[in-house]
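S.K.: sequence first, predicted coordinates after that:
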Amino acid sequence: MRVTTDFWVSALIRRVFSGGGFAAVLRKGAAEAGAVFVILRDRLGQTRLFGPAPQTSYDEAKPQDRLLVELDVQLSEEKATARLERETRFDPDIWVVEIEADAGRLEDLLPIETP
């Protein structure tokens, strides 16, 4: 059974704060099953955008996992906002979480699927 998006985002934010980072929900989507997009800012100001992994990335033995893929690296604020606006027009139930943390802790914070 897959946990709700609301619960998953809450756990993510707690993990970020416990590691000395900062996290905020910029957009709250559907509590049960909204897709999650994460904006990661490091201490140098670089921005990375992560979004839901394609269905082909999921392991058949663990379909309940929630995986993310990196969508863009070193985005400007305008490009990140434009990309998320397009995603919102496509699916108004998305969540957007912004995280400021060390890039070295990324694997501890997010379940990332590398292509």
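M.R.: Looks like it came in fine. Computed from a prediction, not measured in an experiment: that's the story for all the values here.
S.K.: low-scoring pLDDT stretches of the protein, where are they?
M.R.: Applying pLDDT under 70 to the chain flags residues 1-2, 54-65, 103-105, 114-115.
S.K.: can you do 50?
M.R.: Flagging of the chain using pLDDT under 50 yields the residue ranges 56-59, 61-64.
S.K.: what about the helices in it?
M.R.: 5-18, 77-90, 106-109 (DSSP state H).
S.K.: which of those helices has the highest mean neighbour count?
M.R.: Per residue and on average, the most neighbours among these fall to helix 5-18, with a mean of 16 (mean count of other CB atoms under 10 Å). (Each C-beta comes from the backbone N, C-alpha and C, glycine too.)
S.K.: gap between that helix and the chain center?
M.R.: 11 Å (CA atoms, centre = their mean, to the nearest Å).
S.K.: same deal with stretch 13-32?
M.R.: Distance of stretch 13-32 from its chain centroid, counting by CA atoms, centre = their mean, is 9 Å.
S.K.: how about it: buried residues?
M.R.: Neighbour counts over stretch 13-32 (16 or more other CB atoms under 10 Å) mark 13, 15-16, 21, 23, 25, 27, 29 as buried.
S.K.: in the sheet, who's paired with residue 41?
M.R.: residue 47, residue 100 (DSSP bridges).
S.K.: distance of the residue nearest the centre of the chain relative to residue 66?
M.R.: Among the residues of the chain, the smallest C-alpha distance to the mean C-alpha position (CA atoms, centre = their mean) belongs to residue 38, namely 2.8 Å. Relative to residue 66, residue 38 is positioned 11 Å away (criterion: CB to CB, to the nearest Å).
S.K.: over to residue 36?
M.R.: Following CB to CB, the distance that separates residue 36 from residue 66 is 7 Å.
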